[in-house]
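# Need coordinates for the following:
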Amino acid sequence: MLPLSKPASGFRPPSSSAPQPPHPMESSLLLSTPRPLKPFHPHHFPTARRRDASFRGKPPPPPPLPPLGRGSRRLGRAVPRASSEAFGDGFRSQDRPPGVSSGGVRRRTYREAQGEAAVPPVAAAARAVAPYVAPVGAVLMLSFVIWKVVQNMIPGKKKDHGSGKHAPSGIMWSFAAGSNLATSTLSAEKESRKNLNKFYKELRTLKTVNMAGRQFGDEGLFFLAESLAYDKSAEEVDFSGNGITAVGIEAFDGVLQINTTLKTLNLSGNDIGDEGAKCLSDILVENVGIQKLLLNSINIGDEGAKALSNMLKKNKSIRILQFSNNAIEYSGFASIAEALLENNTIRSLYLNGNYGGPLGACSLAQGILGNKSLREIHLHGNGIGNEGIRELMSALSAHKGKITVVDIGNNNISPEGLHPVAEFLKRTKSLQWFSLYMNDISDEGAEKVAEALKDNKTISTIDLGGNNIHSKAVSAVAETLKDNAVLTTLDLSYNPIGSDGVKALCDVLKFHGKIQTLKLGWCQIGMEGAECIADCLKYNTTLSTLDLRANGLGNDGAICLARSFKIINESLTSLDLGFNEIRDDGAFALAQALKANEDLAVTSLNLANNFFTKFGQVALSEARDHVYEMTEREIDIYF
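Numbering: from 1, shown residues only. A predicted model of the protein is given here:
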């Protein structure tokens, strides 16, 4: 049985290419015995040192006591009286050892002369029991000593006499959010082993293993990581949100160097920090298996980004790298740019939610310009601004590779910064997905984007949500859809386009365009906008997903949409009407429409956060059951 400890730093694959015998780790890693596990730390815990010192300072147990003498009536003097048994009853006074009185012999002779029993009945009974008292006492004393030793060896809580508080000692594990298995009871220890063994078996048998949020910490990772050394099954492993620190990252040392099966490793949501990033970088330099590495929200800054960038210069297997929601600033962006100049395998780079700023974007632009392998760049929420976006778009326009995805949402871009964006959209021949979500381009910027889309024949998804766009700019966007057969997803959420903007859009979508997903949540379209959409649904044959959340439709808007459902529409499958102040009357109308049109293609209807009573909910539930009974088609209705 191998101890649960950190693998040796020199752990490396066999140098010979010949088949090797099964490693002992293959069959002995399971925790099967109730004995405590050896801590993984290279040094003993302080409590363990105190415990070892206490064992070394204890004297050896005393020798077993001699049997009690037959003449001993008082238990308190059992041991001294035992000496009389060795000398006999008739020994002479000169042979009597010093300090032993002859009073016992004289009293027995006197009683025999008077006709009395030499020993009273009670004393006789005591004399019969006395030979067993001392051995039993010795056994009890020895048991007490052994119990104290066992108590010290059981991991649990040990009192710190200096502070008066209980300090943890031994191994502590917790395997699920809200349930902590780190207790001092034996049942908790058994449960800990049971869970770790379960995770171990998953790693050895499944291709995709999700262990997110189990909170097994560094100690559990040391055990589980060892199972990956010779693993030939797990291709995707999710260790996110498990309380892993920089110390736990050392568990991969010697493991990831020889594992070529693992393709995806997710360590997001762990407080690894810069030190953990440096350790991981040293390990992954020699790895040739991992293609997707997720390191979101791991509390790294510029130093961690620099270490990982140095790894990218040498690693030739990683294709997707995620650094989102960390604290990487300008210096870290510059290090990543240097790595892009030397790396020719990276395809997708995620840097959302960092602090690159304009300078970071300018540095990154130089790396993008000299890299030919990059396909996706995600820079959402970096405060790039107009200056940074100008340099970035210039680099993307001159990029020799095939950029397919660009996310520059939430970067303080104003209409002045849209000119280089529009130029990039006109020139690109490979871009498929583009996001300007939550900037402030307003109508002027939206019109520039619409003009650029007339010349673009590759973009299938565009996100213009949250940009203060009104009906005028929506009309310009709608005009581009007449001759655009590529754009399939349009997101205009969080823009005050109103009923006029929806009308301009729906007039085109009735008979033109190939839009399949249309998102108009929080667009203030009201009842009049609902009428335009209902009229459009009667003729449109491409729209499959429609998001109308939080538009103040009310009962009237819901009833208007319900009427359009009665006309055959074989394309619409998902409709979101959440947050629309719809009451029971609207619920009844929607329920009747579902029952009346069995050919309706809707499979998902979201009505959450409206004002239904139990009567409206019952009506919708009955409609759902009716459709299933008649057509065996399931409709997911969310209240």
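# could you say what helices and strands the helix or strand where Lys194 lies packs with?
Using DSSP states H and E, Lys194 sits in helix 186-205. When contacts are defined as 3 or more CB pairs under 8 Å, 6 or more residues apart in numbering; DSSP states H and E, helix 186-205 sits against strand 208-210, helix 217-227. Every C-beta, even on glycine, is put in place using the N, C-alpha and C of the backbone.
# so which of those gets nearest Phe588?
Closest to Phe588 of the helices and strands packed on helix 186-205 is strand 208-210 (CB to CB; 41.9 Å).
# now for that closest one, which elements pack on it?
Using 3+ CB pairs under 8 Å, 6+ apart: strand 208-210 touches helix 186-205, strand 236-238.
# and the helices and strands packed on helix 186-205, which one's lowest on average pLDDT?
In terms of mean pLDDT, the lowest-scoring of the helices and strands packed on helix 186-205 is helix 217-227 (a mean of 89).
# quick check: angle from it to helix 186-205?
40 degrees (axes from the mean of the first three to the mean of the last three CA atoms, to 10 degrees).
# can I get the CA coordinates of helix 217-227 in CSV?
C-alpha atoms of helix 217-227 as CSV (Å, rounded to 0.1, in the frame of the first residue of the first chain):
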residue,chain,number,x,y,z
GLY,A,217,-7.8,20.5,-1.8
ASP,A,218,-4.1,19.9,-2.3
GLU,A,219,-4.0,16.7,-0.3
GLY,A,220,-6.7,15.0,-2.4
LEU,A,221,-5.0,16.3,-5.6
PHE,A,222,-1.7,14.6,-4.7
PHE,A,223,-3.6,11.2,-4.5
LEU,A,224,-5.6,11.8,-7.7
ALA,A,225,-2.8,13.2,-9.8
GLU,A,226,-0.8,10.0,-9.3
SER,A,227,-3.6,8.0,-11.0
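# so what secondary structure elements neighbour that helix?
Right, helix 217-227 is packed against helix 186-205, helix 246-249 by 3+ CB pairs under 8 Å, 6+ apart.
# Can you add mean neighbour count and mean pLDDT and give the ones you listed back as a markdown table?
Putting the helices and strands packed on helix 217-227 into a markdown table (neighbours: other CB atoms under 10 Å; pLDDT from 0 to 100) gives the following:
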| stretch | mean neighbour count | mean pLDDT |
| --- | --- | --- |
| helix 186-205 | 16 | 74 |
| helix 246-249 | 23 | 96 |
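# just the helices in the stretch 251-400 of the chain please.
For the stretch 251-400 of the chain, helices defined by DSSP state H, counting those that start in this stretch occupy the ranges 273-284, 302-314, 330-342, 357-369, 385-398.
# For the fourth one, buried residues please.
Judged by neighbour count using 16 or more other CB atoms under 10 Å, the buried positions of helix 357-369 are 357-369.
# go on, stretch 409-423?
Gly409, Asn410, Asn411, Asn412, Ile413, Pro415, Gly417, Leu418, Pro420, Val421, Ala422, Glu423.
# out of those residues, what pair is the most spread apart?
Spanning the widest gap among the buried residues of stretch 409-423 are Asn410 and Glu423, at 21.6 Å by CB to CB.
# sec struct for Phe434, please.
What DSSP: H, G, I helix; E, B strand; the rest coil gives for Phe434 is strand.
# which residues touch it?
Val405, Val406, Asp407, Leu425, Ile459, Thr461, Ile462, Asp463 (CB atoms under 8 Å, 6 or more residues apart in numbering).
# For Leu543, state which of these is nearest.
Thr461 (14.9 Å).
# Report the spatially nearest residue to the closest one, omitting neighbours in sequence.
Nearest residue to Thr461, sequence neighbours excluded (CB to CB, 6 or more residues apart in numbering): Thr489, at 4.1 Å.
# That neighbour contacts Gly465, doesn't it?
No - checked against CB atoms under 8 Å, the pair Thr489 and Gly465 is beyond contact range at 11.6 Å.
# These two - which one has more neighbours?
Applying other CB atoms under 10 Å to Thr489 and Gly465 shows that Gly465 carries more neighbours, namely 23 against 16.
# what about the closest residue to that one other than its chain neighbours, neighbour count?
Spatial nearest neighbour of Gly465, chain neighbours left out: Ser493 (4.1 Å); criterion: CB to CB, 6+ apart. By the criterion of other CB under 10 Å, Ser493 has 19 neighbours.
# same check, this time on the one 5 residues further on
Neighbouring residues of Gly498 were enumerated by other CB under 10 Å; the total is 17.
# Would you mind measuring from it to Arg549?
Here the distance between Gly498 and Arg549 works out to 16 Å (CB to CB, to the nearest Å).
# for Asn242, same thing?
As judged by CB to CB, Asn242 and Arg549 stand 34 Å apart.
# Kindly report the same for Ser309.
Using CB to CB, Ser309 is found at 41 Å from Arg549.
# Who has more neighbours out of the two?
With neighbours defined as other CB under 10 Å, Ser309 and Arg549 compare such that Ser309 has more, 24 against 19.
# The helices of the stretch 251-400 of the chain into JSON lines, with extra columns for mean pLDDT?
What follows is these, written out as JSON lines (pLDDT from 0 to 100):
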{"stretch": "helix 273-284", "mean pLDDT": "97"}
{"stretch": "helix 302-314", "mean pLDDT": "97"}
{"stretch": "helix 330-342", "mean pLDDT": "97"}
{"stretch": "helix 357-369", "mean pLDDT": "96"}
{"stretch": "helix 385-398", "mean pLDDT": "96"}
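# Now render the ones you listed as TSV, adding distance to Thr631.
Output for these, formatted as TSV (distance: least, CB to CB, whole Å):
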stretch	distance to Thr631
helix 273-284	53
helix 302-314	53
helix 330-342	53
helix 357-369	51
helix 385-398	49
